[in-house]
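> Just to be clear, the model below is a prediction. Sequence and coordinates:
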Amino acid sequence: MKCDRKSCADCPSAAQKRSKEDLIECRLSRIRNKVLVMSGKGGVGKSSIASYLALALAQKGYQVGLLDIDLHGPSIARMFGLNGPLNITAEREIVPHEYSPNLKIVSIESMLEDTDSAIIWRGPLKHGVIQQFLADCRWEDLDFLVLDAPPGTGDEVLSISRFISDAKALIVTTPQEVALADVRKSINFCHKVGMEILGLVENMSGLFCPHCNRFIPIFQTGGGRKTSVAMKVDFLGELPFDPEVVAGGDRGNPVLNGGADTPFVRAVWEFVEAVLENLGEKVKGI
């Protein structure tokens, strides 16, 4: 049941300093959909998928939050060109960066004095940090909260499965077998912890050459779709490799901002529509 108070700061659990679980429940009740973006291995473009999903949903008019819980390798803040620390209110609430009126972003990187320092944390500390993020971030009412998890099935995704019981997993892969083998482990992980799987998306599924416009299968093709059929999960789309996506991330300016009509951009919109359809959401216009 959604909390009917204007702000979570008005919640008795905040005023009476009750358990963080109570405050998390209050905050999550104000968020309609929670999507955990995960992958079996690193290097498959998971953070890019999380970023473009959140940005595309915001551009469609939804209220979106993007939470980077990749504690050892946070990249979301840089991909959006966000600098400086997060603000903390007098009530000790974390105020997300407002990238646009429809998109708020929180990353552990924004809370580090030295963004190049290594985070050396054991499981219980990671669990506590994620709990604090969920309890203290002032998202208010959201249509979507997109969570960018680290690769694998370690402490961070276990924590999310505990704290957000209605989170749905969006699993990212690339076409080659070495990635697909780890994806199957991610799918089995979700089954074991009782997390619903939203679907599977294949990233870097070939390259449309910018010079000749021919399609080049960099790795191979069709692996993600075949895996989704074999593992009985929905297939949400294929996103081609685009060098401009890499350049845009390095500049802190995602290519979706430019209004370009490229194979990658068209694939993003098709992927987002598939996500919305699976969630039972009415598709809004751009």
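Yep, it's here.

> Would you state the strands of the stretch 101-250 of the chain in chain order?
Ranges of strands in the stretch 101-250 of the chain, per DSSP state E, counting those that start in this stretch, are 103-107, 142-148, 168-173, 196-208, 215-216, 235-241.

> what angle sits between the longest one and strand 235-241?
Spelled out, it's strand 196-208. Orientation check (axes from the mean of the first three to the mean of the last three Cα atoms, to 10 degrees): strand 196-208 against strand 235-241 gives 30 degrees.

> Give me the sheet partners of strand 196-208 and which way each runs.
Partners of strand 196-208 in the sheet, by DSSP bridges, are strand 168-173 (parallel), strand 215-216 (antiparallel), strand 235-241 (parallel).

> May I see the ones you listed arranged in JSON lines, with mean neighbour count as well?
Backbone N, C-alpha and C define where each C-beta goes, glycine included. Formatted as JSON lines, the strands paired with strand 196-208 follow (neighbours: other Cβ atoms under 10 Å):
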{"stretch": "strand 168-173", "mean neighbour count": "26"}
{"stretch": "strand 215-216", "mean neighbour count": "12"}
{"stretch": "strand 235-241", "mean neighbour count": "21"}
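
> you'd agree Y62 is up against N102?
Yes: using Cβ atoms under 8 Å, Y62 is in contact with N102, at 6.6 Å.

> how much space between the residue sitting furthest away from the middle of the chain and P175?
Within the chain, the residue lying farthest from the chain centre (Cα atoms, centre = their mean) is C212, at 33.4 Å. C212 sits 21 Å away from P175, going by Cβ to Cβ, to the nearest Å.

> and what of K104?
With Cβ to Cβ as the criterion, K104 and P175 are 33 Å apart.

> Same question for K46.
Distance from K46 to P175, counting by Cβ to Cβ: 15 Å.

> ok, now which ones touch M231?
R184, I187, L200 (Cβ atoms under 8 Å, 6 or more residues apart in numbering).

> Switch the residues you listed over to CSV; also include distance to W139 and neighbour count.
Output for those, formatted as CSV (distance: Cβ to Cβ, whole Å; neighbours: other Cβ atoms under 10 Å):
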residue, distance to W139, neighbour count
R184, 33, 15
I187, 28, 21
L200, 27, 25
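
> so who does the nearest residue to L103 once chain neighbours are set aside touch?
Spatial nearest neighbour of L103, excluding adjacent residues (Cβ to Cβ, 6 or more residues apart in numbering): A58 at 3.9 Å. Contacts for A58 (Cβ under 8 Å, 6+ apart) come out as V64, Y99, S100, N102, L103.

> does A58 belong to a helix or a strand, and which?
Secondary structure assignment for A58, by DSSP states H and E: helix 46-59.
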